[in-house]
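> coordinates only, sequence not included:
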């Protein structure tokens, strides 16, 4: 599902991200683990096409993305990737239902006639059936992250990328959100890549990839 080979990206003077090889099979759940500054988020951004490598290959769902145009990258992300961020990135003027539906406009995987029914179904599944028309500002942080999970799965994506998805939550909400995320990714049979600096969270996933991708230019040579 996801493969990086000899992937290199210069981030600043003397600092390079380098990954010799990484592979995640379809449906596999993998934690990208390591301390702050080790290259976890850089690796996730490369896989998502938000950063381009200077060299090497990145293949996602059979597509080599490093040479795609910006338009093709946008289409690729809309159809194949779901994003979950630490800070939720919900649109505050819109309701939970509208936030999930808005993301569905960027893909043809779900017919427009099914946007509202699917968004409603997903929000009910994450326990927000009574909050469909609530705006993010009236919701708890745990509820907002549940909306983000529903939004990430809305387009029937093959890959979910989650960058510290519990980082803004208290321990109780963090545990609940992790349980929900793992359960729903298993139900939907999607591949999950989750960045975390917490070993205990990484160990919730069956696979752990220890990120050591940030090196000096000399080490990457």
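That came through, no problem. This one's a predicted model, so the numbers in the text were calculated from it and none came from an experiment.
> Quick check, residue 86 in contact with residue 163.
Yes. Here residue 86 lies in contact with residue 163, judged by C-beta atoms under 8 Å, at a distance of 6.0 Å. (C-beta placed from N, C-alpha, C; glycine too.)
> Who has more neighbours out of these two?
Shown here are residue 86 and residue 163; by other C-beta atoms under 10 Å, residue 163 has more neighbours (20 against 17).
> Output the below-cut-off pLDDT ranges for the chain.
For the chain, residues meeting the criterion pLDDT under 70 lie at 213-221.
> ok, which stretches of the protein are helices?
Assigned by DSSP state H, the helices in the chain fall at 40-47, 70-80, 96-103, 115-125, 141-153, 171-188, 199-202, 217-220.
> how about JSON lines for those helices, with distance to residue 17 added?
Output for the helices of the chain, formatted as JSON lines (distance: least, C-beta to C-beta, whole Å):
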{"stretch": "helix 40-47", "distance to residue 17": "5"}
{"stretch": "helix 70-80", "distance to residue 17": "19"}
{"stretch": "helix 96-103", "distance to residue 17": "28"}
{"stretch": "helix 115-125", "distance to residue 17": "34"}
{"stretch": "helix 141-153", "distance to residue 17": "24"}
{"stretch": "helix 171-188", "distance to residue 17": "26"}
{"stretch": "helix 199-202", "distance to residue 17": "20"}
{"stretch": "helix 217-220", "distance to residue 17": "8"}
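> Out of those, which gets nearest to residue 134?
helix 96-103 (5.6 Å; C-beta to C-beta).
> So which elements touch the closest one?
With contacts defined as 3 or more C-beta pairs under 8 Å, 6 or more residues apart in numbering; DSSP states H and E, helix 96-103 has these neighbours: helix 115-125, helix 141-153.
> Figure out which of the ones you listed is closest to residue 61.
Nearest of these (C-beta to C-beta): helix 141-153, 15.7 Å.
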